[in-house]
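[1] test case, fold it:
(chains A and B)
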Amino acid sequence: MLPNQLTTASFAAYPAEARALAATHLERLQQLPLAFVPLLLRELIVYDYKFPMERRDLDRQLRYLASLDAEAFRQVLAPFAGLRLAADLEKVDWVDNPAVFTEQLSAHLWTTHQIDAFRAAAVDYVAKATAAFPNEPTPTHRLGLAALGQGVKTNDYKLFRKLRPQGTYYTNVRAENGVQTLLQIVAKRAQAHPAPYSHWYIDGGAPLPAPEGLTQVSYGGLSTARAALQSRMQKIYEASVFDPEAFRTTLAQTKPGEIGLNTEQDPALSRYQLSVLTEGSGTQVFATTFVQWAVREALRRAEPLTLFARFAPRQREKQMNELLAETLHKPELDPQGSLVDADMAAYYHWLNQQRLPGAEKSAFLVWFEDHGEAVAIAPGIERGKTSESPVSLAELAGRLV
Amino acid sequence: MFSGHSPELSRAIAASRRNFLRLAAGTAAASTFFGPAALRGMIAPHGHKAVVVTFGGGARDEETFMPDGQENIPHLLGELIPQSTFFSQVINKGILGHYVATASIVTGVYETFNNFAAVSPNNPTVFEYFRKDQKRPATDSWVVAPSNGFARIGESGHKAYGPGMGAGVILPKRLLSAALTSMSDGARYEHLLRDNYETPLHAPTLTGHQIELNQMAEVLKLSVDDFSTHARSLASPDEMSVYVAKHLMQQFAPSLLWVTLHDIDIAHSGTFSLYLNGIRRCDRLCAELWQAIQKNPEYANKTTLFILPDFGRDSDIDSGGNGFQHHRTGDSMSRTTWMMALGPNVKQNVIVDRAVESIDLVPTLGALLGFNARFSPGKPIPEIA
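    The predicted structure is shown next:
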């Protein structure tokens, strides 16, 4: 099938809002090149389950495409139209399964050495659409908070090595009830700037009771879903013929309800949780990876104003000789390894926050939980400095709010 | 968000490596006082051998050659690089999947097959070139590979070469799993076959010409019991691979031995600490292998050792990726890697800045070992060949 064959009936299987949007923009969709339209439909087909900021982005793209006159439209899409596609791609049901098409397109572009051209075209297209319809300013600056190192008594690893140059490194932080202090800061910001999915709390262990107005996700809270997903993965793996690409596709097509996620209460959040578990590598097994990827995806997709990430120890990866010696599999935790994981993850948290609009005003605090070390990063805080002066976590965080 | 390969960035990465190495290891830049012609190696003596170590799941400069990463590679920096010619800019322009990329290095041609498929490379492998041109027996070239996915890397599907012309392939994890399964509850050891960190639980169907368990005693002169017992003392599959490689060196002293390590690729799980552990282990194992070469009379003073990652990993800066975890963006960091060569005809303590490609290795080996890599578009590297 080719894009010019699309009709409103083509979108009959789409959820209601996505179907309506497709009908509104049908004429433009028909004019898009095959290397482009399934990528757009991949976003459109889940429009009903998207976070508000994701909807804004897709709406912007559709508005942008609609705003172009014929020549501008041709020029903007020319890099995509110029890609050489395999004839087989036309046979993929890219309307109802755009993700399948995208996977095959990606493999084809790599194989034919066109991936760089595609990536350059995508960058240019997104930049033009954003420039044409810029974002509204955020109601306040963004704040990222991270607590890491649960269960670590002593540490020899040089913490915050990548974040210290960006702000001030504090070595004498007093932090009674530190986690509660940080949660209260998130709650206050949620009260001051209430908006759906704008204030998040992500925990790598069992979640603490979260104040109202926060979007909460936790590794512990998803244990049932993780177990159900691992069971499905194992069954696919044990099939007589194993196809890793089909494996990925099957994971991508898993429905939230199929692994016990509540789809009634908050469809957007349950879809997000599902994507973290099915699209993130290692998120099903390692709590530190779960938090890192959940933070990345929350920032990328929901663009929150506040995000508090609390890392918890992941399970210990046993060495080969230990695995061979064991008669029973006894899960153990690895607090020290988790600290190193989380240290890098906190850096990625800050990096991903800085990719969002308003980065120049953003603030970030990372704290070695129940220890005296922290790094604060904000426009008014000196970069590359170490402070040995006593300071409370509440006071430090208060400077960033 | 998306940025393709940039020659300028690759040069900057290479310059950064060079500057750091100068400080860390006191290494001189070849381009400063030698031209490539002056560095051209001597004609390889008859009986010259080559050992190639590639590691799947490349390590980034941040965790290796940059100041913060120095602690992870003490053996490379302190022992090997001072004895080597170090190529600071090795570009991989192919598909960044471990099997297809390693196959590309092995053939000297950017292969384009499905990375996850159990297929032979389309172009002749280095082993086929070597054996055919030099009329060498099957026991003179071996591959030790980490995973089932590499079962067919020993020989190509090329009509002029192909079946019977390639290298013996040993998959130590496969052997161990088979050994343990034959001795007790095999289900307990399924995790040993986890061999592709990009796709958890992936163990592709095995269709190659690898050595099976019942051949091990005959081929390696190693009993199943001894092999299993020794494996129980090892920390990782890469340690097992190096153990098997050393055993091959003692049994057959092959002229061409190719070892691929894979522990570093645990990075795909997103656990930074385990990724660092993999780098440290690889660093140690490379040094152990070089020491084994020096101690073995069949190898000492007539062996060139090549060490190179198959490709890099994504940078932290490219938002299309997730930093160290993957190699999906195709950015310059993930395409620009390095290579070191050590041996009797290789200049020591030298850095070469100019760009070479990973497909240049096979023609270079051809110049060293006396075969013609006639289907490879790569070029012999004059500083070695």
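
[2] can you count the residues close to residue A:60?
    The number of residues packed around residue A:60, counting by other Cβ atoms under 10 Å in any protein chain shown, is 17. Where you see a C-beta, it was placed from the backbone N, CA and C, and this is true even at glycine.

[3] what's the pLDDT at the nearest residue to it once chain neighbours are set aside?
    Nearest residue to residue A:60, sequence neighbours excluded (Cβ to Cβ, 6 or more residues apart in numbering or on different chains): residue A:133, at 4.7 Å. We have a pLDDT of 96 for residue A:133.

[4] the one 3 residues further on now?
    Residue A:136 is assigned a pLDDT of 91 by the prediction.

[5] and it, how many neighbours?
    Applying other Cβ under 10 Å, we find 7 residues neighbouring residue A:136.

[6] so it: helix, strand or coil?
    On the three-state scheme (DSSP: H, G, I helix; E, B strand; the rest coil), residue A:136 is labelled coil.

[7] how much space separates it from chain B?
    To chain B, residue A:136 is 21 Å away according to Cβ to the nearest Cβ, to the nearest Å.

[8] ends of stretch B:58-74, how far apart?
    From its first residue to its last, stretch B:58-74 covers 17 Å (Cα to Cα, to the nearest Å).

[9] now stretch B:123-138
    End-to-end distance for stretch B:123-138, by Cα to Cα: 19 Å.

[10] list the buried residues for that stretch?
    When burial is assessed from 16 or more other Cβ atoms under 10 Å in any protein chain shown, stretch B:123-138 yields the following buried residues: B:123, B:124, B:125, B:126, B:127, B:128, B:129, B:130, B:131, B:132, B:136, B:138.

[11] one step back: pretty sure the residue nearest to residue A:60 contacts residue A:62?
    No. With contact defined as Cβ atoms under 8 Å, residue A:133 does not reach residue A:62; the gap is 10.2 Å.

[12] show me which of those two is the more surrounded one.
    Shown here are residue A:133 and residue A:62; by other Cβ under 10 Å, residue A:62 has more neighbours (20 against 14).

[13] OK, contacts around the residue nearest to that one when sequence neighbours are not counted?
    Spatially, and ignoring its direct neighbours in sequence, residue A:62 is nearest to residue A:25 (5.1 Å; Cβ to Cβ, 6+ apart). Each residue near residue A:25 by Cβ atoms under 8 Å, 6 or more residues apart in numbering or on different chains is listed here: A:62, A:65, A:66.

[14] what's the pLDDT at residue A:25?
    The model reports residue A:25 with a pLDDT of 97.

[15] what of residue B:218?
    For residue B:218, the predicted pLDDT is 76.

[16] so it is in which element?
    Using DSSP states H and E, residue B:218 maps to helix B:213-220.

[17] now swap in residue B:257 and tell me
    Following DSSP H and E, one finds residue B:257 within strand B:256-261.

[18] repeat that for residue B:225.
    Going by DSSP H and E, residue B:225 is in helix B:224-231.

[19] worst-scoring helix or strand of the chain, pLDDT-wise?
    You didn't say which chain, so I picked chain A. Using mean pLDDT, DSSP states H and E, helix A:320-325 stands out as the lowest-scoring helix or strand of chain A, at a mean of 65.

[20] the intended chain is chain B.
    Across the helices and strands of chain B, mean confidence by mean pLDDT, DSSP H and E is lowest for helix B:30-33: a mean of 38.

[21] check which element follows it along the chain.
    Reading on from helix B:30-33 to the C-terminus, the next helix or strand found by DSSP H and E is strand B:49-55.

[22] what's the angle between that following strand and strand B:256-261?
    Taking axes from the mean of the first three to the mean of the last three Cα atoms, to 10 degrees, one finds strand B:49-55 and strand B:256-261 inclined to each other by 20 degrees.

[23] packing partners for strand B:49-55?
    strand B:256-261, helix B:272-295, strand B:303-309, helix B:361-369 (3 or more Cβ pairs under 8 Å, 6 or more residues apart in numbering or on different chains; DSSP states H and E).
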